[in-house]
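Undergrad: What follows is a predicted protein model with its sequence.
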Amino acid sequence: SLASIPSFGYSGGGFLIGLQVHPAYAFRVLDVGPSASARQLAKDFRALWGEKSQLRRFRDGRVTEAVIWDADSAGATAIRHKIVAIASEFLLTRHLASDVSVQCTNDQLDFVLRKECFASSDTEEESVDNTAKLLGAFQRLSSSLKQLRKLPLQIHAVLPMWSGLVGLRTFSEAPHVCAGPGAPALSKMGKVSPFIETYKVAIQLEGSGSWPSDPEALEATKAAFLISVGEHLATTYGIPSDPTIEFLDVFFMGYSFRLYVDMHTRLPRAPPASSASESKNWTQYYTDTQHNGFMNSLRTKFPIFGNVCQMAKRWIGCHLCSVCIAEEAIELLCASIFVCSSIYPVPNSRITGFARFLHLLATFEFDRQPLIVNLNEEMSNGDMNKVLKTFRSRRAAGTAPPLFICTPYDVESLSWTRKKPSRAELSTLVSLAKAAEARLTCLVVGDISAHNFTHVASTIGTMLWKTLFSTPLSPYDMLIYLHNQALP
């Protein structure tokens, strides 16, 4: 009975309900019910959902009961994670009492996905819209590049080399008025940035045995090919570009894309036997394209993976630790929650994913074992045992980085964590994660002494959630405050 359920410290007789949702059903806008011909089932469905249920005819001829969670009830079509909360609140108020107070925690951290998380000048919908514009521009440019038929070699793949192009950056810049065709009109823009951010992209070509073997000749040939790409983009689509000896900057739909010719990702994993600079470039190409490809597949497979990465990066940034750890390392920490979760089920809500990130950072024994992120299960048990032996030998010799993250494309943790974080910086991150995890647990299921359950979603409650992203400034001897209007 309800009387036997613990109140978790909430006053007023409130109690806590935890829902484990299925990603295939939790984020869909349309819930299809029984057929109209199944009268008893249709009657039960209408009794459950009341006025939300409506009879609909689909294109395949079916006539069924259905519940639609439209943009007005869900807040925005891009924020589908709220549908579970809206449905739960509707059912509880309909079948228990109309004046029952229902508060959900799944959207309490949405404010961190706004640029001005402590003001109301920006909305999450605007941030989502900018990300959608960036990804849409990248997809259209990729399609245009693949359709260039007069090039010496055809472009068969366009690969992102930056987290913003796979939707993992916390914030995406708005289109710039000076960046090519399709850019927004100046009259529709507010403050215009004096610079245009550049997004790295690798283009892969069809196979050919005519590439020169001399390194200088090879670089010159790639530069000539990029010039040819720029000329054909201008003549075919009217897209402007700016070529250099190493890359081609393309300006399209308000964004600047920096194109590199990638001939290395089709080679074996071991770097080719050539100069040290060529080997370094090969490793950079390989790890960038492989990493962002894996992150993109995870974002496609798990709907909330991108949001968890964004929240984790915002949390680290708010605690002034962004310079201590690479973005790719944060993404791998988040990825391990989804691909290496043997104890807990895969998270299907933003707040659960963020809580798992804090728990991993706070409890994982980085000094004693490597964090193996076995993406797509490419590493066998034998491979992971070799990684463990390598880690132990390097840790004993003092050459292993404090944060050792192993992936199929970086088994020795050389790409993202070799130089940072240091041991002291990692210790600081762990301490902050422990404190944040305890505070988050208190806010969700703990005893909030001065605020009961109905106050958690109030203004005071919102400020309590924001304390997760507030860092103490007492260690600093001097604080310099900058005016937003004076910044570029």
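TA: Arrived safely.

Undergrad: quick one: the helices in the stretch 151-300 of the chain?
TA: Per DSSP state H, counting those that start in this stretch, the stretch 151-300 of the chain carries helices over the ranges 215-237, 276-301.

Undergrad: and the ones you listed, which is most packed in?
TA: helix 276-301 (a mean of 18; mean count of other C-beta atoms under 10 Å). Placement of C-beta: from N, CA and C, glycine included.

Undergrad: want to throw the helices of the stretch 151-300 of the chain into JSON lines with distance to R392?
TA: Output for the helices of the stretch 151-300 of the chain, formatted as JSON lines (distance: least, C-beta to C-beta, whole Å):
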{"stretch": "helix 215-237", "distance to R392": "38"}
{"stretch": "helix 276-301", "distance to R392": "24"}
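
Undergrad: mean pLDDT for those helices: which is lowest?
TA: Per-stretch mean pLDDT for these is lowest at helix 276-301 (a mean of 76).

Undergrad: what about the stretch 301-450 of the chain, any weak spots by pLDDT?
TA: Counting by pLDDT under 70, the stretch 301-450 of the chain has low-confidence residues at 341, 446-450.

Undergrad: which stretches of it form helices?
TA: Using DSSP H, counting those that start in this stretch, helices in the stretch 301-450 of the chain cover 305-318, 327-339, 350-363, 381-397, 423-445.

Undergrad: need the contact list for the residue nearest the centre of the chain.
TA: Taking C-alpha atoms, centre = their mean, the centroid of the chain lies closest to G306, which sits 2.3 Å from it. For G306, the contact set (C-beta atoms under 8 Å, 6 or more residues apart in numbering) comprises 166-168, 299.

Undergrad: hmm, back to that, make TSV from the helices of the stretch 301-450 of the chain and add distance to T236 to it.
TA: Formatted as TSV, the helices of the stretch 301-450 of the chain follow (distance: least, C-beta to C-beta, whole Å):
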stretch	distance to T236
helix 305-318	33
helix 327-339	34
helix 350-363	42
helix 381-397	46
helix 423-445	49
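
Undergrad: Mind checking these for the one nearest to Q154?
TA: helix 327-339 (30.3 Å; C-beta to C-beta).

Undergrad: quick check: angle from the closest one to helix 350-363?
TA: Interaxial angle, helix 327-339 versus helix 350-363 (axes from the mean of the first three to the mean of the last three C-alpha atoms, to 10 degrees): 110 degrees.

Undergrad: Show me the contact partners of helix 327-339.
TA: With contact meaning C-beta under 8 Å, 6+ apart, helix 327-339 is reached by 163, 168-169, 291, 294-295, 298, 302, 305, 308-309, 312-313, 316, 346-347, 353, 356-357, 360-361, 371, 373-375, 403, 405, 407, 415-417.

Undergrad: Please apply the same query to stretch 150-164.
TA: 134, 138, 141-142, 145-146, 148, 166, 169, 172, 199-206, 208, 225, 228-229, 232, 260, 262, 265, 288-289, 292-293, 295-296, 309, 327-328, 331.

Undergrad: are any of the residues you listed buried, and which?
TA: Using 16 or more other C-beta atoms under 10 Å as the burial test, those include 134, 138, 141-142, 145, 148, 166, 169, 172, 199-205, 225, 228-229, 232, 260, 262, 265, 288-289, 292-293, 295-296, 309, 327-328, 331 as buried.

Undergrad: Which residue, other than its chain neighbours, is closest to S322?
TA: I316 (5.9 Å; C-beta to C-beta, 6 or more residues apart in numbering).

Undergrad: Against S210, how distant is the one you found?
TA: Distance from I316 to S210, counting by C-beta to C-beta, to the nearest Å: 47 Å.

Undergrad: How about G306?
TA: 41 Å.

Undergrad: Now stretch 414-425: buried residues?
TA: For stretch 414-425, by 16+ other C-beta under 10 Å, it's 415-417, 420-421, 425.

Undergrad: okay, those residues in CSV with distance to A87 next?
TA: Formatted as CSV, those follow (distance: C-beta to C-beta, whole Å):
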residue, distance to A87
S415, 43
W416, 40
T417, 42
K420, 44
P421, 41
E425, 43
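
Undergrad: Greatest separation within those: which pair is it?
TA: Among the buried residues of stretch 414-425, S415 and E425 lie farthest apart (C-beta to C-beta), at 17.7 Å.

Undergrad: give me every residue that touches D31.
TA: Applying C-beta under 8 Å, 6+ apart, the residues contacting D31 are 25, 66-69.

Undergrad: Narrow those residues to just the buried residues.
TA: Using 16+ other C-beta under 10 Å as the burial test, the contacts of D31 include 66-67, 69 as buried.

Undergrad: Just send those back as CSV, with pLDDT too.
TA: Output for the buried ones among the contacts of D31, formatted as CSV (pLDDT from 0 to 100):
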residue, pLDDT
A66, 91
V67, 91
W69, 84
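
Undergrad: From the residues you listed, which land in strands?
TA: 66-67 (DSSP state E).

Undergrad: If anything else comes up later, I'll come back, but that's it for now.
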